[in-house]
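Peer 1: just a sequence and a predicted model for now, questions to come.
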Amino acid sequence: MPDVADPPVDDPVPTPRYDRLDALRGFAMVWMTVFHFCFDLSYFRLIHQDFYRDPTWTWQRSAIVSLFLLCAGMGQAVALAQGQSAERFWRRWGQIMGCALLVSLGSWFMFPRSFISFGVLHGMAMMLILVRFGLGRLPRPWLWLLGLIAILLPLVIANPFFDTRTTNWVGLVTRKPLTEDYVPLLPWLGPMLFGCALAQTDVVRAWLRRPLPAGLRPVLRPLALLGQWSLSYYMVHQPILIGALMGAQWLGWF
């Protein structure tokens, strides 16, 4: 999933990348690709799975999004510690927001009744602003506390006011909206704040700074490279998968 940690280009002071964080993000991208490929197989009726209600798939989806947001939170903590410029932040934020709009448009063509109005990119764009210009600068205990509140609040507070497309981005809904992807501010801000808190700990900070293990480098290095280009990969992987399946169907392979 996308993150503000992108390859450093035309920054006045280049900042080092954390290969371990990139590799973790790359692993999430691979997991997401497998999940989406299975979803596409179900969409083309090549397998029969309920991706909307079967815990095998709903829990995987939650785990993948949580891992993405955890990485994004750690990436923001690293960016703040390295003094990332506002210009670079807004440049990347604009790319994420632009891609979010493209996702909404593309999903509207494919799923007009359940198009994505506030998916993972939309949610991430809002969360990044909150973290960059306020929450990410809080002491670590506050990050843990606010992250826990963000996760628990939707379990105890819900109101029909938040059930519309214009308000469900908050997350305090009484029922899940009809949409192909839904990542509201609550509870999903929680994993991002947890990521910020983790990256502030001495143990995790030291782990991130270490180079990739020599024995696993041939496996982890491609994942790290994939993690560096997570937003680009996120935007092209589904069109490629769906296009390949449509091509195979047109050729009569299934």
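Peer 2: Now that the structure is in, tell me what you want to look at.

Peer 1: would you map the helices across the stretch 151-254 of the chain?
Peer 2: Listed in chain order, the helices of the stretch 151-254 of the chain (DSSP state H, counting those that start in this stretch) span 185-200, 202-209, 217-228, 230-250.

Peer 1: ranking those by burial, who's on top?
Peer 2: For these, the largest average neighbour count (mean count of other CB atoms under 10 Å) is found in helix 185-200, namely a mean of 24. (Each C-beta comes from the backbone N, C-alpha and C, glycine too.)

Peer 1: coming back round to it: mind checking the helices of the stretch 151-254 of the chain for the one nearest to Pro16?
Peer 2: Set against Pro16 and scored by CB to CB, these come closest in helix 202-209, at 8.4 Å.

Peer 1: among the helices of the stretch 151-254 of the chain, which is nearest Leu148?
Peer 2: helix 185-200 (6.8 Å).

Peer 1: low-confidence ranges in the stretch 1-150 of the chain?
Peer 2: Applying pLDDT under 70 to the stretch 1-150 of the chain flags the ranges 1-15.

Peer 1: where do the helices of it begin and end?
Peer 2: For the stretch 1-150 of the chain, applying DSSP H, counting those that start in this stretch gives helices covering 19-43, 55-81, 86-110, 120-132, 140-156.

Peer 1: neighbours of the closest residue to Trp207 other than its chain neighbours, how many?
Peer 2: Among residues not flanking Trp207 along the chain, Arg20 sits closest, at 6.6 Å (CB to CB, 6 or more residues apart in numbering). Using other CB atoms under 10 Å, Arg20 has 21 other residues around it.

Peer 1: repeat for Met126
Peer 2: When neighbours are counted by other CB under 10 Å, Met126 comes out with 18.
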